[in-house]
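Novice: A predicted structure for the sequence below; I have some questions about it.
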Amino acid sequence: MPASLYRLVGKPHHAEIEQSQDTVAEPQVHEVTPVESPVVADPEPTVQDQTSVPSEETSSPVTVTWDPSWTKAKLLEAAASLGLPVTSINTRAEIIEALTAATSA
């Protein structure tokens, strides 16, 4: 069979084996070129995006109506809605004190 058919299947031809023993074959180096991925720029914020975030100057303070006769759990909910640093570890009186200070200001 011709040597070209041997090369197709990746086997050496008997005539090529004799030649390769006489000469030192150089290693074949295959150059790999990296594929560049396209860079996508962040889209500019739309008018809707800019207006959806209220600024501190224009936002109105959050007011919560609460009553000191409420249960501790309900007072905790009111304090949490105002963002007060109280937890269930605090006493009911401490929670009422924090609510009073936050809502009377």
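Specialist: In hand now; what should we look at? Numbers count the residues shown, from 1 in each chain.
Novice: now G10: how far from S69?
Specialist: 89 Å (CB to CB, to the nearest Å). No exception for glycine: its C-beta is placed from N, CA and C like everyone else's.
Novice: got it, and A79?
Specialist: A79 is 15 Å from S69, by CB to CB.
Novice: compare the two and say which is more crowded by neighbours.
Specialist: Comparing A79 with S69 by other CB atoms under 10 Å, the one with more neighbours is A79, at 22 against 8.
Novice: packing partners for the helix or strand containing that one?
Specialist: Element membership of A79, judged by DSSP states H and E, is helix 72-81. On a contact count with 3 or more CB pairs under 8 Å, 6 or more residues apart in numbering; DSSP states H and E, helix 72-81 meets helix 92-104.
Novice: quick check: buried residues in the helix it packs on?
Specialist: Residues of helix 92-104 classed as buried: 95-96, 98-99, 102-103 (neighbour count, 16 or more other CB atoms under 10 Å).
Novice: do the same with stretch 66-77
Specialist: For stretch 66-77, the neighbour count (16+ other CB under 10 Å) marks 66, 70, 75-76 as buried.
Novice: output that stretch as CSV, restricted to C-alpha atoms.
Specialist: What follows is stretch 66-77, C-alpha atoms only, in CSV (Å, rounded to 0.1, in the frame of the first residue of the first chain):
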residue,chain,number,x,y,z
TRP,A,66,-47.0,51.7,67.7
ASP,A,67,-48.5,51.4,71.1
PRO,A,68,-46.7,50.6,74.4
SER,A,69,-49.4,48.1,75.3
TRP,A,70,-48.4,45.8,72.5
THR,A,71,-46.8,42.5,73.1
LYS,A,72,-43.0,42.2,73.0
ALA,A,73,-43.2,40.4,69.6
LYS,A,74,-45.2,43.1,68.0
LEU,A,75,-43.0,45.8,69.5
LEU,A,76,-40.0,44.0,68.0
GLU,A,77,-41.6,44.0,64.6
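Novice: so what touches it?
Specialist: Applying CB atoms under 8 Å, 6 or more residues apart in numbering, the contact partners of stretch 66-77 are 78, 86-88, 92, 95-96, 99, 103.
Novice: nearest to E36 among those?
Specialist: T87 (52.7 Å; CB to CB).
Novice: how many neighbours does the closest one have?
Specialist: Residues near T87, counting by other CB under 10 Å: 11.
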